[in-house]
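Q: Sharing a model prediction with you, sequence too.
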Amino acid sequence: MKGGGRDIDALAVGFIVVAMSLCLVVPLALAPPPPNTMVLSDYSTISMEFVSRSAAWNSGFGLTGPTSTGVLGYSGSATPGTSYLIGTYPAGTEIIAFISGAEYGTWNSKNIAHVRVIVESAQTWRVEFEDMTGGDNDFNDVILRITGEPQPPVDVGIDIKPFSCPNAINLGNKGILPVAIFGYPGVLDVMDIDPATVELGGVSLAVKKNGNLFFAYEDHNGDGIEDMICHFSMPELTGGTPPALDADTDLLILTAELYDGTPISGEDTPWVVPIP
């Protein structure tokens with residue numbers, strides 16, 4: 001874009017960032033990210049802070065991607081230190097930051113980077129922008145800080161041996177151990193759980209003879225909401241090193257992820273019956 005005799009490429013800034021793969025809410029494999037990228041290593045809440053500006057141009061700033069925030073503020077009026085809460089996203093999520101001017105219409109004809117990313121600490125990045133074509137390479141026209149604050153897994157209700165009370169577990173049993181995950185309105189739709197990620201004490205779901213994972217959906221507790229009944233192999237639970245289940249086990253923890261990568265966790269106390 002043209003302004004004040006200088007050629008400012010607001011669009012180029014945004015597209016350069018996209019080209020550098022700073023992308024919001026796109027789950028990735030958890031491999032080391034390439035340079036100049038921002039990738040969450042944990043399930044985290046993202047916030048963005050406006051740090052400062054040194055240029056006269058009044059640039060809009062924000063995050064973009066499939067769930068774009070749009071412009072959150074403008075560098076000419078934002079107060080340094082102002083923080084914007086973005087939302088909570090799974091590990092492997094990339095983040096895109098952008099700035100844009102009030103006028104635009106040209107591309108990045110110089111084909112040079114208009115942004116750099118500095119890792120300040122774990123999941124905290126300083127994003128420094130140039131706001132015009134060519135730039136003066138001081139990367140201080142607009143400066144943002146983006147932070148990912150790790151969050152605990154979503155707590156869910158589970159029930160070991162849901163069809164019996166008390167939930168006695170015989171260590172000599174060579175069959176399967178059922179565990180119910182309860183659905184709850186506004187908290188958990190069990191249909192969103194990725195069965196391939198369900199583990200009890202680190203042990204995955206049992207596999208049926210046809211090769212499918214062993215689980216089913218039903219309303220176990222009669223509240224009109226579907227629950228997920230998971231089945232685990234007793235030999236796998238008791239035969240590991242160390243075993244997930246033995247005579248001293250007083251707590252079993254179930255973990256899983258939703259299809260969008262959100263982690264969940266629930267726990268229950270087993271009544272272990274040792275082998276005579």
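A: Here it is on my side, so go on. Numbers count the residues shown, from 1 in each chain.

Q: which residues sit in contact with Lys209?
A: Taking Cβ atoms under 8 Å, 6 or more residues apart in numbering, we find Lys209 in contact with no residue. Any C-beta I mention is one placed from the backbone N, CA and C, and that applies to glycine too.

Q: again but with Thr69, I slipped
A: Residues in contact with Thr69 (Cβ under 8 Å, 6+ apart) are 62-63, 84, 86.

Q: tell me the pLDDT at the residue nearest to Ala168 when sequence neighbours are not counted?
A: Once flanking residues are discounted, Ala168 sits nearest to Trp271: 4.8 Å by Cβ to Cβ, 6 or more residues apart in numbering. pLDDT, Trp271: 89.

Q: So which residues of the stretch 151-276 of the chain form helices?
A: Assigned by DSSP state H, counting those that start in this stretch, the stretch 151-276 of the chain shows helices spanning 234-239.

Q: got the contact list for the residue most central in space within the chain?
A: The residue lying closest to the centre of the chain (Cα atoms, centre = their mean) is Pro90, at 0.8 Å. For Pro90, the contact set (Cβ under 8 Å, 6+ apart) comprises 27, 40, 43, 257, 260-263.

Q: about what we covered before: can you pick the most crowded of the contacts of Thr69?
A: Neighbour tally across the contacts of Thr69 (other Cβ atoms under 10 Å): the maximum, 26 neighbours, falls on Leu63.

Q: How about the secondary structure of that residue?
A: Of the three states, Leu63 takes strand according to DSSP: H, G, I helix; E, B strand; the rest coil.

Q: Distance of it relative to Thr69?
A: Here Leu63 is placed at a distance of 5 Å from Thr69 (Cβ to Cβ, to the nearest Å).

Q: which residues do the two both contact?
A: Any residue near both Leu63 and Thr69 by Cβ under 8 Å, 6+ apart counts here, and that gives Ile86.

Q: Doesn't Val117 belong to a strand?
A: Yes. Under three-state DSSP, Val117 falls within a strand.

Q: Name the nearest residue to it, sequence neighbours excluded.
A: For Val117, ignoring the flanking residues on the chain, the nearest one in space by Cβ to Cβ, 6+ apart is Asn36 at 4.8 Å.

Q: number of nearby residues for that neighbour?
A: Neighbours of Asn36 under the rule other Cβ under 10 Å: 17.

Q: do the same with Glu257
A: For Glu257, the count of nearby residues is 20 (other Cβ under 10 Å).

Q: separation between it and Thr88?
A: From Glu257 to Thr88 the distance is 14 Å (Cβ to Cβ).

Q: for the stretch 101-250 of the chain, what are the low-confidence residue spans?
A: Counting by pLDDT under 70, the ranges of the stretch 101-250 of the chain that qualify are 101-112, 132-136.

Q: now Gly266: how far from Ile181?
A: For Gly266, the distance to Ile181 (Cβ to Cβ) stands at 7 Å.
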